[in-house]
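Student: Fold the following.
(chains A and B, ligands or ions: 2)
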Protein chains: 2
Amino acid sequence: MAPSVQPSSSPLRTSEGDEKYANVKWEELGFALTPTDHMYVAKCRQGESFSQGKIVPYGDISISPCSPILNYGQGLFEGLKAYRTEDDRIRIFRPDQNALRMQTGADRLCMTPPSVELFVEAVKQTVAANKKWVPPPGKGALYVRPLLIGSGAILGVAPAPEYTFLIYASPVGDYHKVSTGLNLKVDHKYHRAHSGGTGGVKSCTNYAPVVKSMVEAKSSGFSDVLFLDAATGRNIEEVSTCNIFIVKGNIVSTPPTSGTILPGVTRKSMIELARDIGYQVQERDVSVEELLEAEEVFCTGTAVVVKAVETVTFHDKKVKYRTGEAALSTKVHSMLTSIQIGLVEDTKGWMVEIDRCQG
Amino acid sequence: MAPSVQPSSSPLRTSEGDEKYANVKWEELGFALTPTDHMYVAKCRQGESFSQGKIVPYGDISISPCSPILNYGQGLFEGLKAYRTEDDRIRIFRPDQNALRMQTGADRLCMTPPSVELFVEAVKQTVAANKKWVPPPGKGALYVRPLLIGSGAILGVAPAPEYTFLIYASPVGDYHKVSTGLNLKVDHKYHRAHSGGTGGVKSCTNYAPVVKSMVEAKSSGFSDVLFLDAATGRNIEEVSTCNIFIVKGNIVSTPPTSGTILPGVTRKSMIELARDIGYQVQERDVSVEELLEAEEVFCTGTAVVVKAVETVTFHDKKVKYRTGEAALSTKVHSMLTSIQIGLVEDTKGWMVEIDRCQG
Ligand SMILES: Cc1ncc(COP(=O)(O)O)c(C=O)c1O
Ligand SMILES: Cc1ncc(COP(=O)(O)O)c(C=O)c1O
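Tutor: Ligands and ions are numbered 1, 2, ... in the order given. Sure thing, here's the model as predicted:
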């Protein structure tokens, strides 16, 4: 994925106060960076509390070469989306869940996190400051990326003396270009996480290590990689940036959140929605054999939303699954996105509207 | 470890060209940051080659909030030392080894690394530019920290479009304050690495995840943590920032470099030195039982050099080992440091002198 920056020949119209939208080709959006006008930045000494940060112009940040984020991977990120409704309200999907996950991650990496209230307020401010970049209804979403990084200088391996909480945003369209479904490769060489590690939190340290596996799989024509547990190599865990579900009859199964997979916000929401429509959902170990015998497989995540898996390849074996109209994934995708873009009422209290006066 | 910066009341004398030393209290040096005058910076597009960088004043760097080092842990670091000899030459310990290790790491994390020649030349330039900060003979060393980070902006999990190779330095003294030996705690809760992960390279992603374990151990009075393998939990791997050796009779054993521990430059040198004086050195799995039954245990690393382990605590069991004059660690420590500080001739070609004309 190459970074996509607006060409300078198409000047942005955001500086013109009365325009509703930034000058983006909404139909062409993929999951690439389209820098927006503003970002949010707050700093805090270790052990103290974050207080209200500032909305500043989007741009490079200044950081010590001796900071733990640059030297030791002391960083967490989050990812969530803001959607525009037909009646032009802008709403964010479950930001409190990302705030809570950042707190769990901060505890694991010995960092000082923002409070849930401050996190949610900061996300709202960031979205409000960039509201011209929230795509028209149905054309995508504003992807919001909060970062918590160890920014204070320290030479040895130890918690940073200072933390930076930063939020930037980018309008995005589909994460994967494929239409029918993903073609996943089961990875039997690399592992993503191990017990007693950081697989259960959104630590930056879980991502660079999987890039090689992703690059290798993509160069062989796969959409993404499915990782197995490092302990036994027998059970499926998750895809590089999304959770996985298998369907057989009335039973939907997904690996448990016991420390080696990320507890996805979409995963949690999906479990609720599937139960709402009468499916039995089991959070438990799922073996590769079971995966290969499933009727349907799908992935969930903020970036992919809900995406059918069309094929899984394990060594020389390639299995094809149900996709399309008859698939549960199609049904739950529609249920979820209808709530997100406001086509149906949000009876669950998942959507948080940005204050109209902001931004 | 709090960052140690020279108080502003003791102005540095480095700007005065004829002074030999910076204004540092050499006797008080520990392993903390004392910023020096200069750092080295080079940039390179993905897949191209690094060309000669620049020596610039030490200070904060400017980086995209959307860079893989800040979001996904795409970073490697190295650590090596420059020593001053009695006859005032400044020499660096085995920089080619660190250069090679950075290349292995770059391959694992899909980064573009500097060539070995460029790496070594850059380290020499950095040391030369900061030569007033190289402690007097016997008072410590100039710790040199090369970083290779994914600095170009990209939204998704993928290799960065641009890399920054940066080197900074800090004079340091002893890593651990303890005199006799380290008191290690065997960690049976957290793991450092897993097969198919990044434990065998100096990826930043291996470090923030162990901070919690280190902090917990230090708060209980231990010097550091000894990790067990994630697969079986039965074999010892390494300490948070150094390798481990056990001694029994004439046999010195150390865990093999099969992907989950860092192939330490000091470890490699130590194996050679121990063989030179007639010990049999075995690189093989070492169980906790064997550790507890060893006569002597010691650690090796750039920061610790060679350090005796006085005690190891495993659950409720605490074992004490030989330290002091009779210990092999004392002997090999002296052999190694004699080469490093130039008390004995460097017959192995380990020391690389910085060009006198530089800096
Ligand atoms: C490894 C991994 N698993 C799963 C997910 C899905 O989590 P969420 O639904 O909260 O986006 C993500 C994040 O997007 C992820 O990075
Ligand atoms: C995890 C780990 N093990 C071992 C070592 C020792 O390696 P070296 O002797 O090259 O410094 C280090 C680095 O200092 C390290 O970070």
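
Student: Going by proximity to ligand 1, name the top residue of the stretch 51-200 of chain A.
Tutor: A:Gly79 (5.0 Å; C-beta to the nearest ligand atom). All C-beta atoms are positioned from the backbone trio N, CA, C, and that covers glycine.

Student: Now the phi/psi pair for that residue, please.
Tutor: Torsion angles at A:Gly79 (phi, psi; degrees, to the nearest 10) stand at phi -150, psi 130.

Student: how far away is it from ligand 2?
Tutor: Using C-beta to the nearest ligand atom, to the nearest Å, A:Gly79 is found at 30 Å from ligand 2.

Student: Now that residue: closest residue in space, sequence neighbours ignored.
Tutor: A:Thr302 (4.7 Å; C-beta to C-beta, 6 or more residues apart in numbering or on different chains).

Student: which residues touch the one you found?
Tutor: A:79-81, A:93, A:143, A:264-266 (C-beta atoms under 8 Å, 6 or more residues apart in numbering or on different chains).

Student: quick one: low-confidence parts of chain A?
Tutor: A:1-18, A:356-359 (pLDDT under 70).

Student: try it again with 50
Tutor: Scanning chain A for pLDDT under 50 picks out A:1-18, A:358-359.

Student: the domain parsing of it - what is it?
Tutor: A:3-172, A:182-340 (automatic domain parsing).

Student: Where does A:Val127 fall, secondary structure wise?
Tutor: helix A:116-129 (DSSP states H and E).

Student: now for that helix, which elements pack on it?
Tutor: With contacts defined as 3 or more C-beta pairs under 8 Å, 6 or more residues apart in numbering or on different chains; DSSP states H and E, helix A:116-129 has these neighbours: strand A:38-45, strand A:54-57, strand A:90-93, helix A:95-108, strand A:141-150, strand A:162-172.

Student: Mind putting these into a markdown table with distance to B:His333 and mean neighbour count?
Tutor: Formatted as a markdown table, the helices and strands packed on helix A:116-129 follow (distance: least, C-beta to C-beta, whole Å; neighbours: other C-beta atoms under 10 Å in any protein chain shown):
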| stretch | distance to B:His333 | mean neighbour count |
| --- | --- | --- |
| strand A:38-45 | 38 | 20 |
| strand A:54-57 | 51 | 13 |
| strand A:90-93 | 58 | 24 |
| helix A:95-108 | 36 | 20 |
| strand A:141-150 | 32 | 26 |
| strand A:162-172 | 36 | 25 |
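
Student: can you redo those as JSON lines with distance to chain B?
Tutor: Conversion of the helices and strands packed on helix A:116-129 to JSON lines gives the following (distance: least, C-beta to the nearest C-beta, whole Å):
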{"stretch": "strand A:38-45", "distance to chain B": "6"}
{"stretch": "strand A:54-57", "distance to chain B": "11"}
{"stretch": "strand A:90-93", "distance to chain B": "18"}
{"stretch": "helix A:95-108", "distance to chain B": "6"}
{"stretch": "strand A:141-150", "distance to chain B": "6"}
{"stretch": "strand A:162-172", "distance to chain B": "5"}
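
Student: I'd like the distance from the residue of chain A found nearest ligand 2 to B:Ala128, if you could.
Tutor: Of all residues in chain A, A:Val157 sits closest to ligand 2, at 7.8 Å by C-beta to the nearest ligand atom. Taking C-beta to C-beta, to the nearest Å as the measure, A:Val157 and B:Ala128 are separated by 28 Å.

Student: Identify the residues contacting the residue of the stretch 51-200 of chain A closest to ligand 1.
Tutor: A:98, A:143-145, A:302-303.

Student: do that again at 10 Å, thanks
Tutor: A:98, A:143-146, A:172, A:202, A:241, A:265, A:301-303, B:71, B:155 (C-beta atoms under 10 Å, 6 or more residues apart in numbering or on different chains).

Student: Ligand 1 next: which of those are close?
Tutor: A:241, A:265, A:301-303 (C-beta under 6 Å from any ligand atom).

Student: of all those, which two lie farthest apart?
Tutor: A:Thr241 and A:Val265 (12.8 Å; C-beta to C-beta).

Student: shared neighbours, those two?
Tutor: Common neighbours of A:Thr241 and A:Val265 (C-beta under 10 Å, 6+ apart) are A:79, A:301-302.

Student: okay, those residues in TSV with distance to A:Met270 next?
Tutor: Converted to TSV, these look like this (distance: C-beta to C-beta, whole Å):
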residue	distance to A:Met270
A:Gly79	16
A:Gly301	10
A:Thr302	12
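
Student: how about the helices in the stretch 251-359 of chain A?
Tutor: A:265-276, A:288-293, A:328-340 (DSSP state H, counting those that start in this stretch).

Student: Export these as a markdown table, with columns for mean neighbour count and distance to B:Val319.
Tutor: Formatted as a markdown table, those follow (neighbours: other C-beta atoms under 10 Å in any protein chain shown; distance: least, C-beta to C-beta, whole Å):
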| stretch | mean neighbour count | distance to B:Val319 |
| --- | --- | --- |
| helix A:265-276 | 19 | 45 |
| helix A:288-293 | 16 | 42 |
| helix A:328-340 | 19 | 56 |
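
Student: Among these, which comes closest to chain B?
Tutor: For these, the distance to chain B is smallest for helix A:288-293, at 15.4 Å, taking C-beta to the nearest C-beta.
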